[in-house]
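Participant: can you look at this prediction? I've put the sequence above it.
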Amino acid sequence: MAANAVPKIRSLSQKFKPLLDRVLVIKDEPLTRTKGGVIIPEKAQQEVNNAVVVAVGPGSRTPNGDYIKPNVNVGDKVLLPKFGGTKIDIEGEELHLFRETDLLAVIEKDS
Amino acid sequence: MAANAVPKIRSLSQKFKPLLDRVLVIKDEPLTRTKGGVIIPEKAQQEVNNAVVVAVGPGSRTPNGDYIKPNVNVGDKVLLPKFGGTKIDIEGEELHLFRETDLLAVIEKDS
Amino acid sequence: MAANAVPKIRSLSQKFKPLLDRVLVIKDEPLTRTKGGVIIPEKAQQEVNNAVVVAVGPGSRTPNGDYIKPNVNVGDKVLLPKFGGTKIDIEGEELHLFRETDLLAVIEKDS
Amino acid sequence: MAANAVPKIRSLSQKFKPLLDRVLVIKDEPLTRTKGGVIIPEKAQQEVNNAVVVAVGPGSRTPNGDYIKPNVNVGDKVLLPKFGGTKIDIEGEELHLFRETDLLAVIEKDS
Amino acid sequence: MAANAVPKIRSLSQKFKPLLDRVLVIKDEPLTRTKGGVIIPEKAQQEVNNAVVVAVGPGSRTPNGDYIKPNVNVGDKVLLPKFGGTKIDIEGEELHLFRETDLLAVIEKDS
Amino acid sequence: MAANAVPKIRSLSQKFKPLLDRVLVIKDEPLTRTKGGVIIPEKAQQEVNNAVVVAVGPGSRTPNGDYIKPNVNVGDKVLLPKFGGTKIDIEGEELHLFRETDLLAVIEKDS
Amino acid sequence: MAANAVPKIRSLSQKFKPLLDRVLVIKDEPLTRTKGGVIIPEKAQQEVNNAVVVAVGPGSRTPNGDYIKPNVNVGDKVLLPKFGGTKIDIEGEELHLFRETDLLAVIEKDS
């Protein structure tokens, strides 16, 4: 996650209110160099399925219309499914919208 | 949003009562010039997915027939999905009907 | 709506009881002349999606069998979806049956 | 409806107990002559969608197994959908079984 | 129904416990002679859709797991749908298993 | 059922806990000889649909997560559907997993 | 299960929180030698469907949003279905995510 990401996430999460159980995420940057510093050609770059949660909707509805609070929060690091999600461009930034139920897991930060 | 849009929205929203969880929206005008004033040819104009809510139905029904109040209001700026919606012509104006559950997000106005 | 329509609607709505959430409507006559009086050839006549409600069923049922009162009434002007509905011939009159949930909106009369 | 139909309907409705929400109907005879008495060839005879209810099942079940009383009764005149229904031969008589929810409307007798 | 059928039905219904809402039936013998005694060739024999109920399961379950008592009983004469059902061979006897909800009607015995 | 089957069933049923409404069964051995002792070639051997229940899961869940106790028990003789089920190899033994709702009937032992 | 697997499982299960009813498992190593020590070529190696549970999500939701506690725990040995599951790479380790309802059985350890 780039250093200047945090303020950008905060501003986006205030401006952009996902509806229902949608979750807005920003994908991690793909690894462009190996640990040894060798440049990884674009084609060989692994598809990035890790992302950070930018904004969270109120949740899906019960049959009677109450909201079910999603199980992820802004700032969480999540594992995305290989497929699905909606690509969105906000102020030149590429983000993705997923349904909460499609997110696979939360990855705890190294304590 | 064109200057004379507000009164037009108000008159439409009084005459046109969407049923159930349908939401009537009017799409933003596509950008026809770059910030530098250069004209953008029609083919290159980005598809507009932002819109303003013109009228909102009573909401979808619970299994027992009560209405679930939609989570958007007249005047809200919303992000539309790429596909779906029903194009409607009212008094020469092109509008679209979406189901509330298909709307992606509410975009807060710049405070 | 032709002048003699109202009595016809009343007699049809007394004789014809739609079942469940079905709604019987009679479509507006298509515009055959422009405002300037020019005849519009049949092929160019816009498809009519406005109609007047002639009769309304008791509504759809809750899982326990109670009826959910439909949100339209006899005499309402409604906007029909482009597709769907069942064409019915009653005493030489062409009418259509729609499910309440397929009707798009109620169009308030000009106050 | 032929004159001797009523006693036949009564005997059938006592012998034949439709299960769940099935409704047994007997279709009207197709018009074989115009009002002026001209014979209508079989191919030109309009498909008959009017019928009389002969027997009615206890109704569909709620999730907990209670019956939902159907909204039609023996002797009602009903409008059938164009398609569907199960043709049944009982003692040489051609009848049809429909689900209650497939019947379109009840047609009140001319008062 | 052949004369020795009744004891056979009783023994089968004690040994064979259909699960959930399944109903075990034994089809009537097809008519092999006309009323006048003429032999009906196999190809011309009408498909038999009448049967007698041999054994009845406890019923389908409500969402909470309670059983919904089926609306047919051992010994009832029922009308089968044209298609469906599972053919079963028990001790050389050909029987059929149907779901209760697929059975069309109960045919009362001539009083 | 082979004589040494019972202890084998007991050990399997203690080691192997089917999840939810799954039921582990062991199929009867196919008849390889007629009652008169004649060997039945493999191709002519009737497909075996009888089996004995080896282990039973806790059952399917109600919408609120409670278990619905299955209607079969270890040791019951059951009739399997022709298709479906998952073949499983446990310690060289071929067994099958079925959903409880797919089992057709329980066959009582000859009293 | 390799000797050093246990600490690895513990660290993964603390870092990786599956969402909803997802269960993270690590498959057993395929048998590469027969009991007699003969090397089994890769193509002949049996597909491994046994695995150990590494981490368990909070469970699926009831219609009102409460969690239904899964019926498997970290460290359980489970039988996987032949198909399905999502392959995941965590720190060079190949793991799989399954929905709880897709897991076939828990295999008790030899007491």
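Facilitator: That came in fine, so what should we check first?

Participant: point me to the residue of chain A nearest chain E.
Facilitator: In chain A, the residue that lies nearest chain E is residue A:63 (12.6 Å; Cβ to the nearest Cβ). Yep, even glycine has a C-beta here, placed from its N, CA and C like the rest.

Participant: check what pLDDT that residue gets.
Facilitator: Predicted confidence (pLDDT) for residue A:63: 97.

Participant: for it, give me its contacts.
Facilitator: By Cβ atoms under 8 Å, 6 or more residues apart in numbering or on different chains, the contact list for residue A:63 reads B:62, B:63, G:63.

Participant: just checking, what packs against the helix or strand containing residue A:89?
Facilitator: Using DSSP states H and E, residue A:89 maps to strand A:86-90. Helices and strands touching strand A:86-90, by 3 or more Cβ pairs under 8 Å, 6 or more residues apart in numbering or on different chains; DSSP states H and E, are strand A:93-99.

Participant: show residues contacting the first helix or strand past the strand it packs on going along the chain.
Facilitator: Per DSSP H and E, strand A:93-99 leads on to strand A:105-107 as the next helix or strand towards the C-terminus. Strand A:105-107 has contacts (Cβ under 8 Å, 6+ apart) with A:50, A:71-72, A:76-79, G:15-19, G:22, G:24, G:55, G:57, G:97.

Participant: now do strand A:105-107: distance to the chain's middle.
Facilitator: Taking Cα atoms, centre = their mean, to the nearest Å, one finds strand A:105-107 lying 11 Å from the centre of the chain it belongs to.

Participant: helix, strand or coil for the residue nearest in space to the middle of chain A?
Facilitator: The centre of chain A sits closest to residue A:25, judged by Cα atoms, centre = their mean, with a distance of 2.3 Å. Following DSSP: H, G, I helix; E, B strand; the rest coil, we place residue A:25 in the strand state.

Participant: from memory it sits against residue A:95, does it?
Facilitator: Yes: the pair residue A:25 / residue A:95 is scored as a contact, 6.7 Å apart, by Cβ atoms under 8 Å.

Participant: and the closest residue to chain D within chain A, how far is that from residue B:101?
Facilitator: The minimum distance from chain A to chain D, using Cβ to the nearest Cβ, falls at residue A:63 (12.6 Å). With distances taken as Cβ to Cβ, to the nearest Å, residue A:63 is found 14 Å from residue B:101.

Participant: same question, residue A:109
Facilitator: Distance of residue A:109 to residue B:101, computed by Cβ to Cβ: 34 Å.

Participant: residue A:71 - how many residues pack around it?
Facilitator: 19 (other Cβ atoms under 10 Å in any protein chain shown).

Participant: do residue A:10 as well
Facilitator: Neighbour tally, residue A:10, other Cβ under 10 Å: 13.

Participant: same question for residue A:9.
Facilitator: Residue A:9, neighbours per other Cβ under 10 Å, totals 22.

Participant: ditto for the one 10 residues further on
Facilitator: In terms of burial, residue A:19 registers 20 neighbours under the definition other Cβ under 10 Å.

Participant: with residue A:49 instead?
Facilitator: Using other Cβ under 10 Å, residue A:49 has 15 neighbouring residues.

Participant: residue A:81 is in contact with that one, correct?
Facilitator: Yes: proximity of residue A:49 to residue A:81 meets the contact threshold set by Cβ under 8 Å, at 7.5 Å.

Participant: so the residue in chain A that chain F sits nearest to is in which element?
Facilitator: Per Cβ to the nearest Cβ, residue A:63 is where chain A lies closest to chain F, at 10.1 Å. Using DSSP H and E, residue A:63 sits within no helix or strand.

Participant: pull out the buried members of the contacts of strand A:105-107.
Facilitator: A:71-72, A:76-79, G:15-19, G:22, G:24, G:55, G:57, G:97 (16 or more other Cβ atoms under 10 Å in any protein chain shown).

Participant: rewinding a little: more neighbours, residue A:109 and residue B:101?
Facilitator: Set residue A:109 next to residue B:101 and count neighbours by other Cβ under 10 Å: residue B:101 wins out with 14 against 8.

Participant: most distant residue from the centre of chain A?
Facilitator: Farthest-from-centroid check, chain A (Cα atoms, centre = their mean): residue A:64, 29.1 Å.

Participant: that residue contacts residue B:65, doesn't it?
Facilitator: No: if you go by Cβ under 8 Å, residue A:64 and residue B:65 don't touch, sitting 11.3 Å apart.

Participant: so who does residue A:9 touch?
Facilitator: A:26, A:52, A:54, A:74, A:75.

Participant: with residue A:99 instead?
Facilitator: A:21, A:22, A:23 are the contacts of residue A:99 under Cβ under 8 Å, 6+ apart.

Participant: and it, what's its pLDDT?
Facilitator: Reported pLDDT for residue A:99: 98.

Participant: quickly list what it is bridged to.
Facilitator: Using DSSP bridges, the bridge partners assigned to residue A:99 are residue A:22.

Participant: now residue A:107
Facilitator: Each beta-bridge partner of residue A:107 is listed here, defined by DSSP bridges: residue G:16.

Participant: go on, residue A:39?
Facilitator: Applying DSSP bridges, one finds that residue A:39 bridges with residue A:33.

Participant: per-residue pLDDT, it?
Facilitator: At residue A:39, pLDDT is 74.

Participant: distance of it relative to residue A:28?
Facilitator: For residue A:39 relative to residue A:28 (Cβ to Cβ), the value is 18 Å.

Participant: what does residue A:89 give?
Facilitator: Here the criterion is Cβ to Cβ. By it, residue A:89 lies 18 Å from residue A:28.

Participant: please identify which of those two sits among more neighbours.
Facilitator: Shown here are residue A:89 and residue A:28; by other Cβ under 10 Å, residue A:28 has more neighbours (16 against 10).

Participant: could you verify my assumption that that one touches residue A:52?
Facilitator: Yes: between residue A:28 and residue A:52 there is a contact under Cβ under 8 Å: 7.4 Å.

Participant: circling back to that earlier point, ok, the buried ones among the contacts of strand A:105-107 vs chain C, which is closest?
Facilitator: When those are compared against chain C (criterion: Cβ to the nearest Cβ), the nearest one is residue A:71, at 28.7 Å.

Participant: show me the contacts for that closest one.
Facilitator: Residue A:71 makes contact with A:100, A:106, G:19, G:20, G:58, according to Cβ under 8 Å, 6+ apart.

Participant: most neighbours among the residues you listed, which one?
Facilitator: residue A:100 (23 neighbours).

Participant: just the mean pLDDT for stretch A:79-92, thanks.
Facilitator: So the average pLDDT for stretch A:79-92 ends up being 90.
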